[in-house]
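Q: One predicted model, sequence on top.
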Amino acid sequence: MDTKEFIELMKFKFKLNIIRVFVRYKNRVLFDIEKESLLKVASFLSVEQGCRFIIATGLDAGDHFEIIYHFSNDQTGLIANIRACIKKNKPEIESLTPLFSAADWIECEMHELLGLEFLNHPDMRSLLSEGNWGAGDYPMRKPHQETKK
Amino acid sequence: MTAKTIIPVGPYHPLQEEPELFRLYCDGEMVTDIEWETGYNHRGIEKINESKTFEQIFFVVERICGICSTSHPFAYANAMEEIAHVTVPDRAKYIRSIVAELERVHSHLLWVGLAGHFIGYNTVFMWAWKYREPVLDLFEIITGNRNSYAMFKIGGVRRDIEEKNFTTILNILDRLKPKVEMLMKAVVDDPVIHLRTKGIGVLTRQDILDYCAVGPTARASGVDIDIRRDDPYAAYPLVDWKVIVQQEGDIFAKAVVRFLEIFESISIIEQCITKMQKGKPAEIETKVKDIPEGDGSGRSEAPRGEVFHYVRTDGSNSPVRHKIRAPSYVNVATFKKSCVGQTITDATLALAAVDPCYCCTERMAYVYDARSQKKVLDGAGLIRLSQERTRTLKNKM
């Protein structure tokens, strides 16, 4: 399956959930999806398409947070980037850890560095710090102002 | 009365000399659960990179890991070239692959040496590190450094390989091959090593898929993935080589995969050099003026598995976001599967089998007896315990 066919398949499967599609490079695709459909999309990619979850990138885009889930299709060399936007006043999204254990650490990390909540994560804990940072102090948020401990 | 014993391994790991804390929950000699703490090495590199220029980032990411210090600049260069839509000249591709494959040879030899030391075969340790030395000499010839090679830049490489050095490189590789072959036979045919490693720390295919593990860890469990072939970059599509896969998933299979990969790497380097010898001296970089707004996902196959870099740019001279995923980040998490159900002496070896690199992923070690509240063993003691087991098995044979 080439990149074009893959995009068609995704559009067919998730017609209502895909907001935009960007083809970045010959085998790099970025899908903007509604965050409510994340579990459905991730499950389709990992279970039905046999894609490998590489990692997720969390970032502060000013007025909202973004998480980009990177999936690799090792048969075709394609990287599917799935982007979900999260509102700043309610920074929560479904956890992917019940789907595959590989999402465990990175969700803990995003929780710690960006202050995102992952619903139904089985074991949310500090991965990098000892939990002694100031309350509400998230270093990857922008602009970052250190709070007093 | 039964009391659960907790064995903390780390933060100064008795096996890998890098800080990470594992708590092995033991019932007698059996490990029943494992917990870990990371973050001792967290240097906030992703955050630092947001304040560096694109050229400076090469030097930062090179210092993520001391052993595989080319894999990170490689993946970063791939990501940046994707954003800038740059094609790298063939000669630069060959040089990039040569450096990356030399790194794999030295990294795998380093692991073989350490693994030998853990099970009490210090001769293997001495030999592997002795034969690794000429590889470091090769690095010095090619890059000027034994470590942290500073070879990569956006669009190409920083130094060319001089014509007069081609023969020297090929000669050193020729001398290296029989030595590695001898070392491999010594390890793979040794009945005691079979006893210590076969069927130990098994990771099934399903475990690998669940934890999305990569590199030799995945390939030793029958998962046929290798970014060099699956998402071709640099000179890998231009030369002949094969991906080494084993089915067993135990520590022995991981050792076999690494040994055979050394030979594949040597063959890739030889082919690259032959192709460079045939070609005329050519450009080693494509000049890049500006990095436009966009995002790029770059990856490269490090000795431990796939390295992934995601960079987002906004048209300025530094990234908005730079995400780095090292292979150990996904491989280390498989300890939950490989260590539970093993004895303590085998668990320590299973921890090492993944070839974990904690620098990439992000106090003292002693065995604590919960009943008497006393320290029983320290880090050196754990290694001694492991080595004693090899001796006992050997005496029984």
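A: Perfect, thanks for sending it.

Q: Return the distance of residue B:277 relative to residue B:191.
A: Taking C-beta to C-beta, to the nearest Å as the measure, residue B:277 and residue B:191 are separated by 44 Å. Just so you know, the C-beta spots here come from the backbone N, C-alpha and C atoms, and that holds for glycine as well.

Q: Also residue B:255?
A: Residue B:255 is 14 Å from residue B:191, by C-beta to C-beta.

Q: So which of the two has more stuff around it?
A: Higher neighbour count among residue B:255 and residue B:191: residue B:255, with 24 against 10, using other C-beta atoms under 10 Å in any protein chain shown.

Q: In contact with that one, which residues?
A: B:112, B:115, B:187-188, B:197, B:353 (C-beta atoms under 8 Å, 6 or more residues apart in numbering or on different chains).

Q: Is it within a helix or a strand, and which one?
A: For residue B:255, the host element (DSSP states H and E) is helix B:251-278.

Q: List the buried residues for that helix?
A: B:251-273, B:275-276 (16 or more other C-beta atoms under 10 Å in any protein chain shown).

Q: ok, and for the helix or strand following that helix, which residues are buried?
A: Downstream of helix B:251-278, the first helix or strand assigned by DSSP H and E is strand B:293-302. Residues B:294-302 are the ones in strand B:293-302 that count as buried (16+ other C-beta under 10 Å).

Q: what about strand B:293-302 and chain A, any contact?
A: Yes: interface with chain A: strand B:293-302 contributes B:294-297, B:299 (C-beta under 8 Å from any C-beta of the partner chain).

Q: May I have the residues that are in contact with the nearest residue in space to residue A:84 that is not next to it in sequence?
A: Nearest-residue entry for residue A:84: residue A:35, 4.1 Å, with adjacent residues in sequence omitted and distances by C-beta to C-beta, 6 or more residues apart in numbering or on different chains. Residues in contact with residue A:35 (C-beta under 8 Å, 6+ apart) are A:84-86, A:93-94.

Q: Look at the nearest residue to residue B:96 once chain neighbours are set aside and report its pLDDT.
A: In space, and not counting its chain neighbours, residue B:96 is closest to residue B:234: 4.6 Å by C-beta to C-beta, 6+ apart. The confidence metric pLDDT takes the value 94 at residue B:234.

Q: Make sure I have this right: residue B:234 is in a helix.
A: No: counting by DSSP: H, G, I helix; E, B strand; the rest coil, residue B:234 falls outside a helix, being coil.

Q: Could you measure from it over to residue A:102?
A: 26 Å.

Q: Check residue B:323 too.
A: Distance from residue B:323 to residue A:102, counting by C-beta to C-beta: 15 Å.

Q: pLDDT at residue B:53, what is it?
A: Predicted confidence (pLDDT) for residue B:53: 95.

Q: Surely it and residue B:318 touch.
A: Yes: contact criterion C-beta atoms under 8 Å: residue B:53 and residue B:318 qualify, at 5.5 Å.

Q: Look at the two and report which has more neighbours.
A: Neighbours around residue B:53 and residue B:318, counted as other C-beta under 10 Å, are more numerous at residue B:318. The numbers are 17 against 13.

Q: What pLDDT is listed against residue B:6?
A: Residue B:6 carries a pLDDT score of 86 in this model.

Q: Skipping adjacent residues, who's closest to it in space?
A: Leaving aside its sequence neighbours, residue B:6 sits nearest to residue B:23 (C-beta to C-beta, 6+ apart; 5.3 Å).

Q: Report the secondary structure state of the one you found.
A: Under three-state DSSP, residue B:23 comes out as strand.

Q: How many neighbouring residues does residue 60 have?
A: Went with chain A since none was named. Counted with other C-beta under 10 Å, the neighbours of residue A:60 add up to 20.

Q: um, chain B though
A: Neighbour count for residue B:60, taken as other C-beta under 10 Å: 18.

Q: any idea how far it lies from residue A:107?
A: Noted for residue B:60: a distance of 25 Å to residue A:107, by C-beta to C-beta.
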